[in-house]
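Student: Based on what follows, work out the 3D shape:
(2 chains)
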Amino acid sequence: MTWHVQSELLAQYARGDIDEAHAFSIEAHLPSCAHCRAQIAPLVDDARLAQAWEVIEERLDAPRRGPLEAGLARLGVPGHVARLLGATPALRLSWLLACAIVLAFAVLAATRREAGLYWFLVLAPLLPLAGIALAYGPDVDPTYEIGLAAPMRSFTLLLIRALAVLVATTALAGLAALALPGLHPSAAGWLLPSLGLTLASLALATRISPVVACGSLGVLWMLVAGAGWRLAQEPLVVFGATGQLACALLAALAALVLIRDVDSFDRRGDLT
Amino acid sequence: MSHIAMSDLRKSYGARDAVAGLSLTIGPGVTGLLGPNGAGKTTLMRMVATVLAPTSGDLRLLGLDPADREQRTEIRRRLGYLPQEPGFHRHFTAFEFVDYVAILKEMTDTRARHREVRRALELVGLGDVAGKRIRKISGGMRKRVALAQALLGEPQLLVLDEPSAALDPEQRLRFRELVSELGGDERIVLVSTHQTEDVAALCQRVIVMRDGHAAFDGTPAQLSGVADNRVWIAGSRDPRARLWWRTSEGLHRHVGDPPAGAQLVKPTIEDGYLLLVGPAAVPDAVAA
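Tutor: Next up, the predicted model:
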């Protein structure tokens, strides 16, 4: 080694007050020059050094994100929220694939006969309900007890997961609806029932377990849709204007109950 | 207010009291909870960990009331809890799992949280396997991962329900070293166990539970003192003993009221414990 970095340049580098070209040059030189390393060592601030190490350690040791967390990060979801969602069974690839297959069969049925649209419209709101039933609770979340003892409110966790499940299943059902024959206006008739049933399941979850709440509402929804068809002799009657208004009212009422009773969810979540 | 205080604390399931009117105050240091299955240890641990509401009685944790939502949240910020049978998201790596719990503990700053996760995993000796998936590591390692999540944030109140179960002898030794270091001047560590050796190695105080009550409350030395002059060795079984078992030397070790001239031996914590709770505590022992 026949040359050394000027003292002033070393001091500027140690302060972080140097242009990139000089910084690169110094960084290329330092590993092979003990003299310059000895010169710069006392100039480096300990706090700055610790911070730099932390950044390096973080880059080396930070876990790689799985496909779900990476996808959520690309959509702008904060990393810690993405990790909470990464532990949601109803957002695993296998679950989403199962939903897609169910929807594909419903679309297929709709292309074969007119009443097939009825099955698509009944099935689409059931998917977020099933997802929420599997999103949180002592029977479905293996870390339920550890989570209960943590300060994050149980309801916040359920809400984050329920919202993600609703968005994911709505996106899938929306894509499936585009494949329905003739783009009938009624093809969007599942949206408000989806929202109404999802909010109602969350409101009920303040009183009973999410699994029971979602299961009961799912059965009730199928009974109402079937009874509407039988009574009016028209399969899509439940998805008409009156039905949509009822679903909107259900959503609004459930939202009010949720706001009022959110505390009881946290207490009811205790182990028994 | 660095202590646990309970007064006439009760948890009932139908007509049965799992915890039957306990009144205790537990301060800083390591306190062991010993007792046979069904004695009410886990029920008590769960109430102290704020995941189970008492049926009646008064419970104060770190001077706060867990029945009040705001105060309960504050307790949980200062609490580390290892359940008896911790569950895992098995597709997570050890790091991701502990990181997940750190998020539930409101650590939202990524860099600081990851630093804390690394610290907790290093503490339990799992720094090298942080990147391994939970489903691919052994049962003992999983237990240590679960212990790591309990240590996040240096909790003031640490509740460990049978933490040494599933650990091999070497891991158990490391665990004892770790827990004995954790019980400092300010931190309360409550450990439930079946292992009297854990109590001897770890605890400044031991509470023996039987049928939902505290059958004993004192130091480990006082627990072995319960059996002073009540343990003897003989070549054959003595029908007057309350309990007896064969030792590895082929002799019979008896606990109870010794006959005149019996060869008395120095009692252990296990002897004192057996006298208090009977043969249910140790499967090898037989009631006379």
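Student: Going by proximity to chain B, name the top residue of the stretch 1-150 of chain A.
Tutor: Here the residue of the stretch 1-150 of chain A nearest chain B is A:Pro142; by C-beta to the nearest C-beta that distance is 2.9 Å. C-beta here means a position set from N, CA and C on the backbone, and glycine is covered the same way.
Student: And the nearest residue to that residue once chain neighbours are set aside, how close does it get to A:Glu145?
Tutor: Spatial nearest neighbour of A:Pro142, excluding adjacent residues (C-beta to C-beta, 6 or more residues apart in numbering or on different chains): B:Gly87 at 2.9 Å. Counting by C-beta to C-beta, to the nearest Å, the gap between B:Gly87 and A:Glu145 amounts to 7 Å.
Student: What of B:Ala234?
Tutor: Taken as C-beta to C-beta, the span from B:Ala234 to A:Glu145 is 47 Å.
Student: the more surrounded of these two?
Tutor: For the pair B:Ala234 and A:Glu145, the greater number of neighbours falls to A:Glu145 (22 against 16), based on other C-beta atoms under 10 Å in any protein chain shown.
Student: Where does pLDDT dip in the chain?
Tutor: Answering for chain A, as no chain was given. A:1-2, A:61-63, A:114, A:183-185, A:267-272 (pLDDT under 70).
Student: meant chain B, my bad for not saying
Tutor: Residues of chain B that meet the cut-off, pLDDT under 70, sit at B:1, B:279-288.
Student: can we see that at 80?
Tutor: Within chain B, the stretches with pLDDT under 80 are B:1, B:166, B:183-185, B:278-288.
Student: Break it down into its domains, please.
Tutor: According to automatic domain parsing, chain B is divided into the following domains: B:1-78+B:155-218, B:86-152, B:224-287.
Student: Of those, give the one that comes closest to A:Leu97.
Tutor: Closest of the domains of chain B to A:Leu97 is domain B:86-152, at 15.6 Å (criterion: C-beta to C-beta).
Student: Can you pull the domain assignment for chain A?
Tutor: When chain A is parsed with automatic domain parsing, its domains come out as A:7-61, A:67-268.
Student: Show the contacting residues for B:Pro86.
Tutor: Residues in contact with B:Pro86, defined by C-beta atoms under 8 Å, 6 or more residues apart in numbering or on different chains, are A:143, A:145-146, B:142-143, B:146, B:149.
Student: give me that answer again for 7 Å
Tutor: B:Pro86 makes contacts with A:146, B:146, as judged by C-beta atoms under 7 Å, 6 or more residues apart in numbering or on different chains.
Student: where does it land in three-state SS?
Tutor: Reducing the assignment to helix, strand or coil with DSSP: H, G, I helix; E, B strand; the rest coil, the entry for B:Pro86 is coil.
Student: Whichever residue of the stretch 151-272 of chain A sits closest to chain B - how many residues pack around it?
Tutor: Taking C-beta to the nearest C-beta as the measure, the stretch 151-272 of chain A has A:Pro151 as its residue closest to chain B, at 4.2 Å. By the criterion of other C-beta under 10 Å, A:Pro151 has 17 neighbours.
Student: same check, this time on the one 3 residues further on
Tutor: Applying other C-beta under 10 Å, we find 21 residues neighbouring A:Ser154.
Student: Chain neighbours aside, what residue packs nearest to A:Ala255?
Tutor: Taking C-beta to C-beta, 6+ apart, and ignoring the residues beside it in sequence, A:Ala255 has A:Leu199 as its nearest neighbour in space, at 5.6 Å.
Student: Sorry, slip of the keys, the one I care about is A:Val122.
Tutor: A:Ala225 (4.9 Å).
Student: which secondary structure elements does the helix or strand in which A:Gly71 is found contact?
Tutor: Of the helices and strands defined by DSSP states H and E, A:Gly71 is found in helix A:67-74. With contacts taken as 3 or more C-beta pairs under 7 Å, 6 or more residues apart in numbering or on different chains; DSSP states H and E, helix A:67-74 sits against helix A:79-86.
Student: any residue of stretch B:2-17 up close to chain A?
Tutor: No. Counting by C-beta under 7 Å from any C-beta of the partner chain, no contacts exist between stretch B:2-17 and chain A, the nearest distance being 8.4 Å.
Student: Centroid-nearest residue for the chain?
Tutor: I'll assume chain A. To find the centre residue of chain A, average its C-alpha atoms and take the closest one (C-alpha atoms, centre = their mean): that gives A:Ala164, at 3.4 Å.
Student: To clarify, I was referring to chain B.
Tutor: By C-alpha atoms, centre = their mean, chain B has its centre lying nearest to B:Ser192, at 1.5 Å.
Student: other SSEs contacting the helix or strand containing that one?
Tutor: The secondary structure element spanning B:Ser192 is strand B:188-193 (assigned by DSSP H and E). Using 3+ C-beta pairs under 7 Å, 6+ apart as the contact criterion, the secondary-structure elements in contact with strand B:188-193 are strand B:29-34, helix B:41-48, strand B:157-161, helix B:169-182.
Student: all helices of the stretch 51-200 of chain A, in order?
Tutor: A:67-74, A:79-86, A:93-112, A:116-133, A:144-148, A:154-178, A:191-204 (DSSP state H, counting those that start in this stretch).
Student: With distance to B:Gly29 as new columns, can the ones you listed be given to me in CSV?
Tutor: Supplementary listing: the helices of the stretch 51-200 of chain A in CSV, determined by distance: least, C-beta to C-beta, whole Å:
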stretch, distance to B:Gly29
helix A:67-74, 41
helix A:79-86, 34
helix A:93-112, 47
helix A:116-133, 44
helix A:144-148, 24
helix A:154-178, 31
helix A:191-204, 44
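Student: Can you list the strands that the helix or strand harbouring B:Trp245 pairs with?
Tutor: With the criterion set as DSSP H and E, the secondary-structure element containing B:Trp245 is strand B:243-246. With DSSP bridges as the test, strand B:243-246 is paired with strand B:252-255 (antiparallel), strand B:286-287 (antiparallel).
Student: I'd like the next helix or strand past the regular element (helix or strand) spanning B:Ile207.
Tutor: Under the criterion DSSP H and E, the helix or strand holding B:Ile207 is strand B:205-210. Read in the C-terminal direction, the helix or strand following strand B:205-210 is strand B:213-218, with elements assigned using DSSP H and E.
Student: Give me the residues contacting that next one.
Tutor: Looking at what lies outside strand B:213-218 - C-beta under 7 Å, 6+ apart - the contacts are B:20, B:22, B:24, B:206-209, B:223, B:226, B:276-277.
Student: Pull out the buried positions in it.
Tutor: B:213-216 (16 or more other C-beta atoms under 10 Å in any protein chain shown).
Student: can you check stretch A:91-111 too?
Tutor: When neighbours are counted by 16+ other C-beta under 10 Å, the buried residues of stretch A:91-111 are found to be A:91-92, A:95-96, A:99-100, A:102-103, A:106-107, A:109-110.
Student: which outside residues touch it?
Tutor: The set of residues external to stretch A:91-111 that reach it, using C-beta under 7 Å, 6+ apart, is A:68, A:85, A:89, A:116-117, A:119-120, A:123, A:127, A:164-165, A:168-169, A:172-173, A:176, A:179-181.
Student: Which residues of the stretch 1-150 of chain B lie near chain A?
Tutor: With C-beta under 7 Å from any C-beta as the criterion, the stretch 1-150 of chain B meets chain A at residues B:46, B:49-53, B:69, B:73, B:76-77, B:79, B:81, B:83, B:86-89, B:93, B:95-96, B:99-101, B:103-106, B:108, B:110-111, B:114-115, B:118, B:131, B:149.
Student: Buried subset of these as a PyMOL selection?
Tutor: Paste this into PyMOL to select the buried members of those, with burial taken from 16+ other C-beta under 10 Å:
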select buried, chain B and resi 46+49+50+51+52+53+73+76+79+81+83+86+88+89+93+95+96+99+100+101+103+104+105+110+114+115+118+149
